[in-house]
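S.K.: Sharing a model prediction with you, sequence too.
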Amino acid sequence: MVGSTTVGFRVLVTGLYLFLLAPILIVVPLSFSDDNILTFPPTSWGVRWYAQMFEHQALVNAFQVSLSLAAIVTVLSLAAGIPAAYALHRFRFRGRDALMNLFTAPLLLPSIVLGLSILLVFVKLQLLATFVGLVVAHLIVTTPYVVRIMSTALTTLPPSVEEAATMLGASPLVVFRRVTLPLMMPGLVASAALSFLLSFDEVVISLFITGPHITTLPVEIFNYVESRTDPLIAAVSVVLVAATLLVVLLVERSLGLSKAMGK
Amino acid sequence: MTLAQRTLDPRPAHSAPAARPERGHLRLEGVTKRFAGDVNAVSDVNLDLERGKLLGLLGPSGCGKTTTLRMIAGLLPITSGRILVDDDDISLRPPHQRDFGLVFQNYALFPHMTVAENVAFGLDMRRVPKAEARRRVAEALELVRLPGYGERKPREMSGGQQQRVALARALVINPRILLLDEPLSNLDAKLRDEMRREIREIQQRLGITTVFVTHDQVEALTMCDVVGVMSGGRLAQIGTPEDIYERPASLFVADFVGRTNILDCEVLNGHRVRLGDGVYSCAATTIRPGKAKVAIRPHRINLTPHRDRALLSTSTNSAEGRVLRTTYVGDIVQYDIDIGGPTLQVETPTHGRGLAVAVGDKLLCEWRPDDMLVFER
Ligand SMILES: Nc1ncnc2c1ncn2[C@@H]1O[C@H](COP(=O)(O)OP(=O)(O)OP(=O)(O)O)[C@@H](O)[C@H]1O
Ligand SMILES: [Mg+2]
């Protein structure tokens, strides 16, 4: 009885993993195809498409845009989200809940609705197809996550430690730097990673506001597969998966590290 | 010179003179705190604590002890009233500029710092040189009996150990006023007793003006110069431990501090009351004749075998009673005795021979009129 449950459970878990990993299991072999069109399984093997990838100027440009975009968006959403979360946590004022809801409302909106409204506003502001426009649009997506995660991190702060620091003579700024911030580190790392990945992967909203002169990697990939069906796209995908994995590993390492340091 | 004497010496030879702030003389004038929802958590508290004295704030859970302490600390703005230190109104001074030490009810150690870093934090804020800070941290940790624990993280320590770290962290800065919120509540009975003595000794030797919150009356009576009993946000009585115990100002104080028989009675005149079937002399009272309450400490009642009646002095109250129940506690025996109406609880120490008393026995209860206090109902 127990044994059969365990076997059944294992089959279930294996099945789930296969389902989740299926795209990767198909894409990785595809990327090492030497064929001219996408066929699975590939009939011949090689790294031709990886080499081709670096020759493809539009993709390389889009990759650079996406990378710097994600980095800038991450920094800015932390810079906006952390003080907001801190103020919401620290001070009790009228309309506090309303403000919290306002900050996190974009989480509830479907991206397509958000994208359309951003498009309408950006047309007026002449921000369409500009880097600044992309930054602003992505900030609208990422900042609510930062506020949410940091608020949660702050509510799990041990009670009275900030007051204890105050009593020992620390000014509010020092309390934040020496006590609050270090204790928020896990939340901070998590929201930084999430912001980065959200921005780097973002397609729907970017589709509305990218243009011929500036485009992000996901949008470029999207455009590419509309017109071409060669294994280049599989190679790009593998690079993307690897990059994402790297970020996740970095987070895991630093969070694990900070746990070891006594969080 | 013992270790404790060396540690935290107010004027260590090699530190700059006047580095230590003056010990404060603390005064509260009509201090009141009203939280949202217009119930006063603390109402009109007045007290005057001399320099170097230890005040115990005693009261049941929720009576406003922590709230009062937090107002003194500056962590809670006061709704009205004034707080003065050495005649300086500090009501509006932010907490980090008050130079007070506070030990929190829940320790509030910094989880991301080692024990030594925790204790050093206040010294760091005061820009104490590294070497001196290291020395003072080590001494403070020895003082709270945690030598060699400096490299641990708070979560690697027991509740009692964390509490002692919190105490070291507050003491090491030589605070102008020390505020303690039930700092011993998590220690076992023996360690608590030792720490009581230790805190009291440090406090007296350094002459730190201290406010000590507790709900343990033994702690309040044994450690403090002055005890303030709080009830429902008010200071019900403030006085020496003896005042509080021997001359409680209200039924609440009599009942809360120490064990007491509280019985219904009828006041006949300024010095006589009727209790059940008997009429007894009581401590002089101004309460008008009529229904009232009377308080008698169980251990102030003497039990004698019935046949000794002839020995009675006329200045003592006496009542015949029948034993309803006996309870052996160890150092004392408690008896419930029916004296014709009310039931008295009586305590006698258990030494050597003692009375061989059984349930149903007839005994004589005697007590002095001064030990019979009358209160409004
Ligand atoms: N922030 C707050 N907002 C509203 N009411 C509060 C707040 N803090 C305390 N109170 C109320 O004020 C009263 C006094 O609380 P306080 O914490 O001072 O009690 P205490 O005497 O320290 O009790 P304990 O012995 O349980 O620690 C309580 O009725 C409590 O509910
Ligand atoms: Mg309390």
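M.R.: Now that the structure is in, tell me what you want to look at. Residues are numbered from 1 along each chain as shown, chains lettered A, B, ... in the order given. Ligands and ions are numbered 1, 2, ... in the order given.
S.K.: The closest residue to ligand 1 within the stretch 51-200 of chain A: neighbouring residues, count only.
M.R.: Nearest residue of the stretch 51-200 of chain A to ligand 1, counting by C-beta to the nearest ligand atom: residue A:92, 9.6 Å away. C-beta here means a position set from N, CA and C on the backbone, and glycine is covered the same way. Number of residues near residue A:92 (other C-beta atoms under 10 Å in any protein chain shown) recorded here: 8.
S.K.: got it, and residue A:169?
M.R.: Counted with other C-beta under 10 Å, the neighbours of residue A:169 add up to 22.
S.K.: Read off the pLDDT value for it.
M.R.: The per-residue pLDDT reported for residue A:169 equals 95.
S.K.: is it true that it touches residue B:100?
M.R.: No. At 9.7 Å, residue A:169 does not count as touching residue B:100 under the criterion of C-beta atoms under 8 Å.
S.K.: how near is residue A:197 to residue A:224?
M.R.: Noted for residue A:197: a distance of 21 Å to residue A:224, by C-beta to C-beta, to the nearest Å.
S.K.: One more: residue B:131?
M.R.: Taken as C-beta to C-beta, the span from residue B:131 to residue A:224 is 65 Å.
S.K.: Residues of the stretch 51-200 of chain A that sit close to chain B?
M.R.: Applying C-beta under 8 Å from any C-beta of the partner chain, we find that the stretch 51-200 of chain A lies next to chain B at A:158-161, A:163-172, A:174-175, A:178-179, A:182-183.
S.K.: right, and residue B:226 touches residue B:239 too?
M.R.: Yes. Using C-beta under 8 Å, residue B:226 makes contact with residue B:239 at a distance of 7.0 Å.
S.K.: Who has more neighbours out of the two?
M.R.: Between residue B:226 and residue B:239, counted using other C-beta under 10 Å, the more crowded position is residue B:226 (21 against 17).
S.K.: Can you tell me the closest non-neighbouring residue to the more buried one?
M.R.: residue B:55 (4.8 Å; C-beta to C-beta, 6 or more residues apart in numbering or on different chains).
S.K.: Would you give the sheet partners of the helix or strand that neighbour falls within, along with the direction of each?
M.R.: Assigned by DSSP states H and E, residue B:55 belongs to strand B:54-58. Paired strands of strand B:54-58, with direction, are strand B:209-214 (parallel), strand B:226-231 (parallel) (DSSP bridges).
S.K.: Following the chain onward from the last one, which element is next?
M.R.: Following strand B:226-231 in sequence order, the next helix or strand is strand B:234-239 (DSSP H and E).
S.K.: what sits up against that next one?
M.R.: If you take C-beta atoms under 8 Å, 6 or more residues apart in numbering or on different chains as the criterion, strand B:234-239 is touched by B:43-47, B:59, B:226-230, B:243-244, B:247-250, B:252-253.
S.K.: returning to what we had before: okay, the strands paired with strand B:54-58 in TSV with mean pLDDT next?
M.R.: Formatted as TSV, the strands paired with strand B:54-58 follow (pLDDT from 0 to 100):
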stretch	mean pLDDT
strand B:209-214	94
strand B:226-231	95
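S.K.: so of the ones you listed, which one's packed in deepest?
M.R.: Of all those, strand B:209-214 has the most neighbours on average by mean count of other C-beta atoms under 10 Å in any protein chain shown, namely a mean of 26.
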